[in-house]
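# would you be able to build a 3D model of this:
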Amino acid sequence: MAGGLLRRALDLVELLAGHARGLPLQTIADMLGIPKSGAHRLLAELVSYAYVTQDAETGRYLLTTRFATLGLKHLANSGVVDVSQSVLNRLADRSGELVRLAVVDYPRLVWVAKAQGARSGLRYDADMGTEATLSTTSTGIVWLASLSDEEALHLVLRQGLRPPGTAGPNAPRSIPAVLDLIQAARARGYAWVHETNAVGMAAMAANIVHPGSGRAIGNVSIAGPSARLTEACRDALAPDLLEAAATLSAVGPLSDYLAALSGGRTPDPARLA
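You can find the predicted model right below:
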């Protein structure tokens, strides 16, 4: 009972996290598949601890900043951002584009830090704390390339392919197309995508590897407008990208923390089905 209640509360938090402007009580109940009375009890409990608030004018329920504060405090105490920021800044300066750090929080891949290298003109930016789409981002593809085909496809199917119109024109529409991107990343040593995740955008990413296990525990990426981040630019930046990933891999405290976050080993896909 207690476990089921906790699961519903966490589902509620994740639901509200995806709706910054909040949701009405009935909509929350419908989306969670629980009675309206049950949803109201969960919300009232979260409101009492100031994790959720209700808009006095619209009646919508939304998350307060308390969860965000906890997440930022955790990252600050872990040292992840402090250790990696100088490496991200250096790569951003060299590339002139957005550089991001993603960590494996199995079975998710989450962006947690960034550095912006573009000083003027078109700048690409993205919100931190969001889960990367595995089949369309260089971040996702390079992580999948570190796994077996079986596990990589399991994770892609778990998340789902992007529907037409929600990604870039080159987004993979089939499993064989995803495998092509994965195999190309393995052969190259880093991932490269061109207008797969968004129109007019390109990106490249390399894995951060735990020095002991050899497992990918995160990655570093460069993303920018495809008009600037061309194939020639990609080839010129590849050594800098790989150097940044190798530097972060060699930082013991960072590698150990990310390894613990990813669960210490890759879970069996059958356990996640």
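
# hmm, who's touching stretch 231-243?
The contact list for stretch 231-243, computed with C-beta atoms under 8 Å, 6 or more residues apart in numbering, reads 91, 94-95, 189-190, 192, 202, 204-206, 220-222. Glycine gets a C-beta too; all of them are placed from N, C-alpha and C.

# the helices in the stretch 51-200 of the chain, which residues?
Secondary structure of the stretch 51-200 of the chain (DSSP state H, counting those that start in this stretch): helices at 66-78, 80-95, 138-145, 149-159, 175-188.

# next, format the ones you listed as TSV and append mean pLDDT and distance to Ala216.
Output for these, formatted as TSV (pLDDT from 0 to 100; distance: least, C-beta to C-beta, whole Å):
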stretch	mean pLDDT	distance to Ala216
helix 66-78	72	18
helix 80-95	86	15
helix 138-145	98	6
helix 149-159	95	11
helix 175-188	97	11
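
# any chance of CSV for those, columns distance to Arg215?
Putting the helices of the stretch 51-200 of the chain into CSV (distance: least, C-beta to C-beta, whole Å) gives the following:
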stretch, distance to Arg215
helix 66-78, 19
helix 80-95, 17
helix 138-145, 10
helix 149-159, 12
helix 175-188, 15
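
# most tightly surrounded among those?
helix 138-145 (a mean of 28; mean count of other C-beta atoms under 10 Å).

# before we move on, the earlier item: which one of the helices of the stretch 51-200 of the chain lies nearest to Ser249?
Across the helices of the stretch 51-200 of the chain, Ser249 has its closest neighbour in helix 80-95 (10.6 Å, C-beta to C-beta).

# what lies in contact with that closest one?
75-76, 98-101, 103, 112-117, 220, 222, 224, 237, 240-241, 244, 247-248, 251, 253-254, 257-258.

# alpha carbons of it, as CSV, please.
Only the C-alpha atoms of helix 80-95 are listed here, as CSV (Å, rounded to 0.1, in the frame of the first residue of the first chain):
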residue,chain,number,x,y,z
VAL,A,80,29.8,17.4,-10.9
VAL,A,81,29.3,20.9,-12.2
ASP,A,82,32.4,22.3,-10.4
VAL,A,83,34.7,19.6,-11.8
SER,A,84,33.3,19.6,-15.3
GLN,A,85,32.6,23.3,-15.9
SER,A,86,36.2,24.4,-16.8
VAL,A,87,36.3,21.6,-19.4
LEU,A,88,33.0,22.6,-20.8
ASN,A,89,34.0,26.3,-20.9
ARG,A,90,37.2,25.5,-22.8
LEU,A,91,35.4,23.4,-25.4
ALA,A,92,32.7,26.1,-25.8
ASP,A,93,35.4,28.7,-26.4
ARG,A,94,37.1,26.5,-29.0
SER,A,95,33.9,25.5,-30.8
